[in-house]
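Trainee: let's see this in three dimensions:
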Amino acid sequence: MARTQQNLDCLRARLSVVMGDQKQWLTGITLSQMLEDIGLEDCPTATSKGDRLRGAVEASSDEQIVEASQKVLNALQLTYCERHNQRNCATVRGS
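Mentor: Take a look at the predicted model:
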């Protein structure tokens, strides 16, 4: 399937939400390491961890977003709602 800009924009928007939601699990040190591990640009000027994570997504290229998304799917323990893009869903870690 060919990548269109609309697909990439949707992927970027969804990854931004998922990454921002990881703020509770990361410290400043682990945040920097995680961003490096998945290949996203850091956004150290952000004023909160959530903004820093979302900013990293926004600061990265389309190619970085595609690669990072694949790594995030493999590495993070995402909820059913996060994996299936459902709203108003009961959140159970690891389901």
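Trainee: got the contact list for Arg52?
Mentor: By C-beta atoms under 8 Å, 6 or more residues apart in numbering, the contact list for Arg52 reads Leu31, Asp42, Cys43, Pro44, Ala46. To be clear about C-beta, it is placed using only N, CA and C from the backbone, and glycine gets the same treatment.
Trainee: tell me the SS of the second one?
Mentor: Taken by DSSP: H, G, I helix; E, B strand; the rest coil, the conformation at Asp42 corresponds to coil.
Trainee: pretty sure it is touching Ala56, no?
Mentor: Yes: at 5.9 Å, Asp42 counts as touching Ala56 under the criterion of C-beta atoms under 8 Å.
Trainee: same drill for the two, tell me which one is more crowded.
Mentor: Using other C-beta atoms under 10 Å as the criterion, Asp42 and Ala56 rank with Ala56 on top: 26 against 16.
Trainee: identify the contacts common to Asp42 and Ala56.
Mentor: Counting by C-beta under 8 Å, 6+ apart, the residues touching both Asp42 and Ala56 are Leu35.
Trainee: Leu15: what's it in contact with?
Mentor: So Leu15 contacts Val57, Ile65, Ala68, Ser69, Val72 (C-beta under 8 Å, 6+ apart).
Trainee: check which helix or strand Gln77 maps to.
Mentor: Assigned by DSSP states H and E, Gln77 belongs to neither a helix nor a strand.
Trainee: quick check: closest non-adjacent residue to the spatially most central residue of the chain.
Mentor: In the chain, the residue lying closest to the centroid (C-alpha atoms, centre = their mean) is Met19, at 3.0 Å. Distances taken as C-beta to C-beta, 6 or more residues apart in numbering put Leu53 closest to Met19, at 4.2 Å, once the chain neighbours are dropped.
Trainee: ok, back up a step: of the contacts of Arg52, just say which sits nearest to Cys10.
Mentor: Closest approach to Cys10 among the contacts of Arg52 (C-beta to C-beta): Cys43, at 20.8 Å.
Trainee: so who does that closest one touch?
Mentor: Residues near Cys43 by C-beta under 8 Å, 6+ apart: Asp51, Arg52, Arg54, Gly55, Ala56, Glu58, Ala59.
Trainee: which residues does the last one contact?
Mentor: Contact criterion C-beta under 8 Å, 6+ apart gives Leu40, Glu41, Asp42, Cys43 as the residues in contact with Ala59.
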